[in-house]
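S.K.: need a structure here:
(chains A and B)
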Amino acid sequence: MQLYQTQELKIYNSLSGKKEVFKPLNEGHIGMYVCGPTVYSNVHLGNCRTFMSFDMIFRYFKHLGYKVRYVRNITDAGHLEDDAEDGEDKIAKKARLEQLEPMEVVQRYTLDFHNILNKFNFLPPSIEPTATGHIVEQIEIVKAILDKGLAYVVNGSVYFDVAKFSETNDYGKLSGRKLEDMIANTRELTAQDEKKSPQDFALWKKAEPQHIMRWPSPWGDGFPGWHLECTAMSTKYLGETFDIHGGGMDLKFPHHECEIAQAEAWNNQTPVNYWMHANMLTLNGRKMAKSTGNNILPNEIFSGENPFLSKAYSPSVVRFFMMQAHYTSILDLSDEALLASERGYQRLMDSIASLEQLPTGDSSDFNVAAWVQKGYDAMNDDFNTPILIANLFEAVKHINLIKEGKETISAADKKILSQAMQNFVFDILGLENQNSTQSNSDKLSNVVGLLIEMRNEARANKDFATSDKIRDQLAEMGIQLKDGKDGTTFTLS
RNA sequence: GGCAUUGUGGCCGAGUGGCUAGGCAGAGCUCUGCAAAAGCUUGUACAGCGGUUCGAAUCCGCUCGAUGCCUCCA
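M.R.: Model (predicted):
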């Protein structure tokens, strides 16, 4: 008996705009695809929030007993910087600027991405495919769509014919846009355009001679269009129709809309049952974006080296902060909000730490079974982690009362409570009970600094019994004091 | 300009047609040598204006504001 058989999960489906009861295509199995990062610069905190939301979702599915194939791609082919005639590949541009091979850039930022995600305690996806590893598959899709007459070749590039597609399919159903409105509101294009219509999008782009990233194709040397890789990789690993496709809200249009169009044109069936969009992390009320410079890098938050922050925050505190907001809500990052989260996180962790030594009694003043189900109810309601956390604090209150002898808990309930805390806090939310090593070593320096000061005061008062006691006992603990001309320092042995 | 989302107490952030989360901060009390921690008590918030309703912060309309997308973007 798996948990998913008793817990009814509802998911907000962007396609219908409603919460729907989740039913996978194959019972007990879930196929989930999430659009990953373009690896041309360091992953920023906003990127992390989206991936963290899906990490939490992945964790909950696994906890419920589902077998999940979670595919999250790495976009390493690069895409057009702008629509101008000298359109240059993002990755190629960065490579030129840094005098690196494009694949060197890809490698550097892929490593950075993985490194940061590890610090945040992410579970690795089942498959992490790259766009450049699936050029052949993408070319095959372009061919198939051309054969159906839903794309056209112009000067070595292939474009998807949105108008033609709209005759038989609903282009715009995900983002709530109407093609006629889009045509009516088309911006003036300054550059000459090969496309029949501004709504059309590239399936394959011709590579100019100076373009470094290029592959041979039936239409000449070029590179795949931005939207195509996800269709190629999701179909290859999850099938023509699969359960869940996720990504950031900003990808809803045009990226995901185009993915739907391509896949429907290619396979005559809708590719995804549940579309999920994680909302943006803002900084000072504005979207974090690499392009505008309004962003914080994860390492800046771990070190506190950012003008917006008063101090360093551990990855787990940041994770807790993010989990306190629902994944579909915009979340604004501020130092004040992080401080509040840090205090709350610490209270939660202190309570969990005291759980082991909690005295047990004959009965429980606290309905543990009902409390556990409330936690599941929160998660089952479209992964409502803020409600789950509120419920966790309900338990914190009881744990503290039991600790003070004002309430009792039975041994059996204590075991259930302990296991549920483990499940909710560590397995599902993905938090870790660790103060950052940085802040611990800071605390240690402060503590030893205080002792050094006291010892100096004692020495000044010729109270050598005290001063020697401080020195010798610290030495026993492996902390060696060193008196020098400029004061006392210490080393750890 | 178009499409979408959104507007909750000092701050962050849930939620529901009537029983009004949670965290942080604040106030009072208990405990304590003093603190801290912990516990208890406390805050009648839902942008504005209309409408529907016995009743709306929750539904509808309008106004104002914010954000995202419409060009690469998590």
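S.K.: contacts and neighbour counts: CA atoms only from here.
M.R.: Will do.
S.K.: from what I can see residue A:43 touches residue A:113, true?
M.R.: Yes: in this structure, residue A:43 is within contact of residue A:113 by C-alpha atoms under 8 Å, at 5.8 Å.
S.K.: The helix or strand residue A:223 falls within close to RNA strand B?
M.R.: Element membership for residue A:223 (DSSP states H and E) is strand A:222-224. No: using C-alpha under 7 Å from any atom of the strand, we find that strand A:222-224 stays clear of RNA strand B, coming within 11.8 Å at best.
S.K.: outside of that strand, which residues touch it?
M.R.: Outside strand A:222-224, the residues that touch it by C-alpha atoms under 8 Å, 6 or more residues apart in numbering are A:77, A:135, A:138-139, A:156-157, A:202-208, A:213-216.
S.K.: Next up, the contacts around residue A:383.
M.R.: Residue A:383 neighbours (C-alpha under 8 Å, 6+ apart): A:11, A:57, A:326, A:327.
S.K.: chain center to stretch A:219-237: distance?
M.R.: Stretch A:219-237 sits 23 Å away from the centroid of its parent chain (C-alpha atoms, centre = their mean, to the nearest Å).
S.K.: That one: which residues count as buried?
M.R.: A:219-235, A:237 (16 or more other C-alpha atoms under 10 Å).
S.K.: tell me the mean pLDDT for the host helix or strand of residue A:265?
M.R.: According to DSSP H and E, residue A:265 maps onto helix A:257-267. Taken as a whole, helix A:257-267 carries a mean pLDDT of 95.
S.K.: got the buried residues for that helix?
M.R.: Neighbour counts over helix A:257-267 (16+ other C-alpha under 10 Å) mark A:257, A:258, A:259, A:260, A:261, A:262, A:263, A:264, A:265, A:266 as buried.
S.K.: Wait, the fourth one touches residue A:271, no?
M.R.: So that's residue A:260. Yes: when contacts are counted by C-alpha under 8 Å, residue A:260 is listed as touching residue A:271 (6.5 Å).
S.K.: phi, psi of residue A:158?
M.R.: phi -120, psi 130 (degrees, to the nearest 10).
S.K.: Would you mind listing the residues in contact with residue A:281?
M.R.: Contact analysis of residue A:281 by C-alpha under 8 Å, 6+ apart lists A:45, A:46, A:49, A:287, A:288, A:330, A:331, A:332, A:333.
S.K.: From those residues, list the ones also adjacent to RNA strand B.
M.R.: Applying C-alpha under 7 Å from any atom of the strand to the contacts of residue A:281, those adjacent to RNA strand B are A:46, A:49, A:287, A:288, A:330, A:331, A:332, A:333.
S.K.: Could you export those as JSON lines, including pLDDT and neighbour count?
M.R.: Below are those laid out as JSON lines (pLDDT from 0 to 100; neighbours: other C-alpha atoms under 10 Å):
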{"residue": "A:46", "pLDDT": "91", "neighbour count": "25"}
{"residue": "A:49", "pLDDT": "94", "neighbour count": "22"}
{"residue": "A:287", "pLDDT": "77", "neighbour count": "17"}
{"residue": "A:288", "pLDDT": "80", "neighbour count": "22"}
{"residue": "A:330", "pLDDT": "89", "neighbour count": "16"}
{"residue": "A:331", "pLDDT": "90", "neighbour count": "21"}
{"residue": "A:332", "pLDDT": "87", "neighbour count": "17"}
{"residue": "A:333", "pLDDT": "88", "neighbour count": "22"}
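S.K.: So which of those belong to helices?
M.R.: Where those overlap with helices, as defined by DSSP state H, the overlap consists of A:46, A:49.
S.K.: Show me the ones next to RNA strand B among the contacts of residue A:281 that map onto strands.
M.R.: A:287, A:331, A:332, A:333 (DSSP state E).
S.K.: can you pull the contacts of residue A:427?
M.R.: For residue A:427, the contacting residues are A:59, A:60, A:63, by C-alpha under 8 Å, 6+ apart.
S.K.: Going by distance to residue A:298, which of those residues wins?
M.R.: Of all these, residue A:298 sits closest to residue A:59, with 21.7 Å by C-alpha to C-alpha.
S.K.: my guess is that closest one meets residue A:426, correct?
M.R.: No: counting by C-alpha under 8 Å, residue A:59 stays clear of residue A:426, with 9.9 Å between them.
S.K.: rewinding a little: counting by contacts, list what the next helix-or-strand element following the strand holding residue A:223 packs against.
M.R.: Scanning forward in sequence from strand A:222-224 by DSSP H and E, the next helix or strand is helix A:228-238. Packing partners of helix A:228-238 (3 or more C-alpha pairs under 8 Å, 6 or more residues apart in numbering; DSSP states H and E): strand A:29-34, strand A:67-72, helix A:135-147, helix A:257-267.
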